[in-house]
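Visitor: below are the sequence and a predicted model for it; my questions follow.
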Amino acid sequence: MQTILGANGTIGKPLAKELTRYTDKIRLVSRNPVKVNDTDELFPADVTDPKEVEKAIAGSEVVYVLVGFEYSAQAWEEKWPRFMGAVIDSCQKYNARLVFFDNMYAYDVSSLGNMTEDAPLNPPSRKGAVRKRVVEMINTAISQGRIKALIARAADFYGPENERSFLIEVTVKNFLKGKKANWFCDPDKKHSFTYTPDAAKATALLGNTDDAYNQTWHLPTHPDSLTGREMVRLIAKEMNASEGILTVGRFIVGLMGLFLPIMRETKEMLYQYERDYIFRSDKFEKRFGVQATRYEEGVKATVQSFKA
């Protein structure tokens, strides 16, 4: 049995499809799980309740954590450590291996232009501090011999049917409305994006590779990072739209934050758009001989999914 906690999310659905390469026993866990494959086991659960987390993990061989709590520093501080503590305890109890799907929020700002698995964890944001704490909980459990686990880390997402992606929100959806694309701070800085089908396939592969455990992996992300302006131009070309960009700086985000909670939460993350953001996945590519999808191909497939 391989179990996905947070099965309805951006990566959960494609991951469920990819796991059929390795097993026909897949358990999908969320408040209202929906089948992806005919043989999926649906397990409704409130993952903020440690008892329900334990029940969801019982009998699992591999547990994938793809949970997405409300995008709020306060909510993360309250929910993530308690949730991860329950996951670690349950994985230990049932001898299940843990795959934690992570982002890059915990990395030091100085590493942003060349992020590798060895980048120091020194987050500049509250949400990044939560991520660091969760990673430390996992690594401590590994060092104590309590569990086998791995951390699979990705950059910002883009991909087919990925409506929650920042990139989709500010480009594709705007173009569909006849509006200009938006970009935070500086559209001439490079910004890596991880293609969701690549991320799902790589996460399934890692979870089913014995010697991948007890270490951190960056998921395949194309090395030729584009600037925000270049990415917008690529999407505009596929959509036959104008390449115009409306740049949204810190001051405007601050004003918007007075009325929109999501913008208040976004403000502390703007440092990612004020400098080059380059995410390296050389380790994965060398180990597995897998190359990330080129941006041209990924953008074409992404745009087609939203036109359909």
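Guide: Ah, there it is.

Visitor: so where do the strands sit in this structure?
Guide: For the chain, the strands defined by DSSP state E cover 2-5, 26-30, 41-44, 62-65, 97-102, 149-153, 156-158, 181-184, 193-195, 216-218, 245-248.

Visitor: next, the angle strand 149-153 makes with the longest one.
Guide: By that I understand strand 97-102. 20 degrees (axes from the mean of the first three to the mean of the last three Cα atoms, to 10 degrees).

Visitor: residue 113 versus residue 165, what's the distance?
Guide: To residue 113, residue 165 is 22 Å away according to Cβ to Cβ, to the nearest Å. For every residue, glycine as well, the C-beta is placed using N, CA and C.

Visitor: same drill for the two, tell me which one is more crowded.
Guide: The neighbour count for residue 165 versus residue 113, taken as other Cβ atoms under 10 Å, is higher for residue 165 (20 against 13).

Visitor: was I right to think that one contacts residue 155?
Guide: No: Residue 165 lies out of contact with residue 155 (Cβ atoms under 8 Å); the separation is 11.3 Å.

Visitor: now the stretch 151-300 of the chain, which segments are flagged as low pLDDT?
Guide: Along the stretch 151-300 of the chain, the parts satisfying pLDDT under 70 run over 163, 257.

Visitor: go again using 90 as the cut-off
Guide: Counting by pLDDT under 90, the ranges of the stretch 151-300 of the chain that qualify are 161-174, 176-177, 182, 241-244, 246, 248-268.

Visitor: select the longest helix from the chain.
Guide: helix 73-94 (DSSP state H).

Visitor: check which residues of that helix are buried.
Guide: Going by neighbour count (16 or more other Cβ atoms under 10 Å), the buried part of helix 73-94 is 73, 76, 79-80, 83-84, 86-92, 94.

Visitor: just so I know, which of the strands of the chain lies nearest residue 53?
Guide: Minimum separation from residue 53 across the strands of the chain (Cβ to Cβ) falls at strand 2-5, 7.5 Å.

Visitor: which residues touch that closest one?
Guide: 12, 15-16, 19, 22-23, 25-30, 43, 47, 53, 56-57, 60-67, 87, 96, 207 (Cβ atoms under 8 Å, 6 or more residues apart in numbering).

Visitor: one more time with 6 Å, if that's ok
Guide: 12, 19, 23, 26-29, 47, 60, 62-65, 67 (Cβ atoms under 6 Å, 6 or more residues apart in numbering).

Visitor: and the nearest residue to residue 161 once chain neighbours are set aside, how far from residue 198?
Guide: What sits nearest to residue 161 in space, not counting adjacent residues and going by Cβ to Cβ, 6 or more residues apart in numbering, is residue 305, at 5.0 Å. As judged by Cβ to Cβ, residue 305 and residue 198 stand 15 Å apart.

Visitor: next: residue 86.
Guide: For residue 86, the distance to residue 198 - Cβ to Cβ - is 30 Å.

Visitor: with residue 83 instead?
Guide: Separation of residue 83 from residue 198 (Cβ to Cβ) stands at 27 Å.

Visitor: what's the answer for residue 237, then?
Guide: Here the criterion is Cβ to Cβ. By it, residue 237 lies 22 Å from residue 198.

Visitor: much appreciated, bye for now.
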